[in-house]
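Asks: coordinates only, sequence not included:
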C-alpha cells in the first residue's frame, strides 16, 4: 500500500517544485513587461507578484524553517511518549487515519492468517502479529485484545472494543 503512494507523492513534489520555480524565476521576468505598459494590474496579478517577491526574498528562511521543523519532529518522535502521542494524532487526521488503519489491519491480518494456518495457537499468533503493526496505539489494542481473548472473549469483540480496527 505504501508503494501505491509513491507516484502521487512524487507528482505532488514535482508540481510544487514547478510552481515555486515559476514563481521565483518566470514571474519576475514577466513583471518587467507589465511595468513597461504602465497599466493598472488586476488584484490577482498583484497577489501573484507579491507571492513571487516573498518567495524570492525569504526562500532561504522558508527552507530553514521547514528543515528545522522536520528535524525537530524527527528527533522528538524518537522519544517513546512523544511517538505514542504522534501516532494517536495520526489516527485522528482524516487522510492519514484511514491509510494507517487499513495498512496496519492488512499487515496484522495477513500475518495472523499465516501464523494460524501454520499451526500456531491463536494467542501466540496474536502476540506475534501484533508486533508487525507500527502504530503504537493499534499495537497496544492488539496486545489488550490478546489478553481479552485469553479470558474468553472472541477476537472480533476484543478488537472491536478498541475502535481502531475496521469491522
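Replies: Arrived safely, thanks for sending. If you're wondering where the values come from, they're calculated on a predicted model, not measured in any experiment.
Asks: Could you pull up the mean pLDDT of stretch 128-140?
Replies: Stretch 128-140 comes out with an average pLDDT of 89.
Asks: List the buried residues for that stretch?
Replies: 129-130, 133, 135-140 (16 or more other CB atoms under 10 Å). The C-beta positions use only the backbone N, C-alpha and C, and glycine is treated the same way.
Asks: And for stretch 106-123?
Replies: So, applying 16+ other CB under 10 Å, buried residues of stretch 106-123: 107-108, 111-112, 115, 120.
Asks: re earlier: output the buried residues of stretch 128-140 as TSV; include the columns secondary structure and distance to residue 92.
Replies: Supplementary listing: the buried residues of stretch 128-140 in TSV, determined by DSSP: H, G, I helix; E, B strand; the rest coil; distance: CB to CB, whole Å:
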residue	secondary structure	distance to residue 92
129	helix	24
130	helix	21
133	coil	17
135	coil	12
136	helix	14
137	helix	10
138	helix	13
139	helix	17
140	helix	16
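Asks: Serialize these to CSV and add fields for distance to residue 102.
Replies: Below are the buried residues of stretch 128-140 laid out as CSV (distance: CB to CB, whole Å):
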residue, distance to residue 102
129, 16
130, 17
133, 12
135, 11
136, 17
137, 15
138, 11
139, 16
140, 18
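Asks: okay, now residue 49: neighbour count?
Replies: 18 (other CB atoms under 10 Å).
Asks: and if you look at the one 5 residues further on?
Replies: The burial metric for residue 54, expressed as a neighbour count using other CB under 10 Å, is 12.
Asks: just to revisit the earlier point, show me which of the buried residues of stretch 128-140 is closest to residue 94.
Replies: Closest approach between the buried residues of stretch 128-140 and residue 94, by CB to CB: residue 135, at 16.0 Å.
Asks: could you point out which element follows the worst-scoring helix or strand of the chain on mean pLDDT?
Replies: Lowest on mean pLDDT, DSSP states H and E among the helices and strands of the chain sits helix 27-37, with a mean of 78. Using DSSP states H and E, the next helix or strand after helix 27-37 towards the C-terminus is helix 43-76.
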